[in-house]
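*Asks:* Make a model of this:
(one chain, ligands or ions: 1)
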Amino acid sequence: MTDTPAIKTELLRRLTELEERAVRIETDMTAPMAADSEEQATEAADDEPLTTEDAMVGREIAAIRAAIGRIDAGHYGTCLNCGAKIPPARLAAMPEATLCMDCATS
Ligand SMILES: [Zn+2]
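*Replies:* Below you'll find the predicted structure:
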């Protein structure tokens, strides 16, 4: 049987971590540019991976919030596509999973 309260605790912990990371990324991106023009060029180039990381963190936050919402609604651990139970081992590895292994790989 899936230990849903434990999963929810773990999801909330990860959500807090990710939100802190998102704030740090935001701070990095909005930090004022250095006055030196050479520095400026380097910082501009550095913004690219940060933006990618920001998008990744944003997606993960959304996925975890959705998973917590499904726990609260009592739908957690059910495949959104076919309605099958998602195996606990899969949920343990990927708590925000919304699809069973079959649907995720097809
Ligand atoms: Zn499925």
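*Asks:* Tell me the first helix or strand C-terminal of the helix or strand of the chain with the lowest mean pLDDT.
*Replies:* Across the helices and strands of the chain, mean pLDDT, DSSP states H and E gives its lowest value to helix 37-73, namely a mean of 81. Proceeding N to C from helix 37-73, the next assigned helix or strand is helix 88-93, under DSSP states H and E.
*Asks:* Tell me the residues of this protein that contact the ion?
*Replies:* Proximity of the chain to the ion (Cβ under 5 Å from the ion) is limited to residues Cys79, Asn81, Cys82, Ala84, Cys100, Cys103. (Glycine included, C-beta is placed from N, CA and C.)
*Asks:* who wins for neighbours among those residues?
*Replies:* Cys100 (21 neighbours; other Cβ atoms under 10 Å).
*Asks:* pretty sure that one is touching Cys79, no?
*Replies:* Yes: under the criterion of Cβ atoms under 8 Å, Cys100 makes contact with Cys79 at 3.9 Å.
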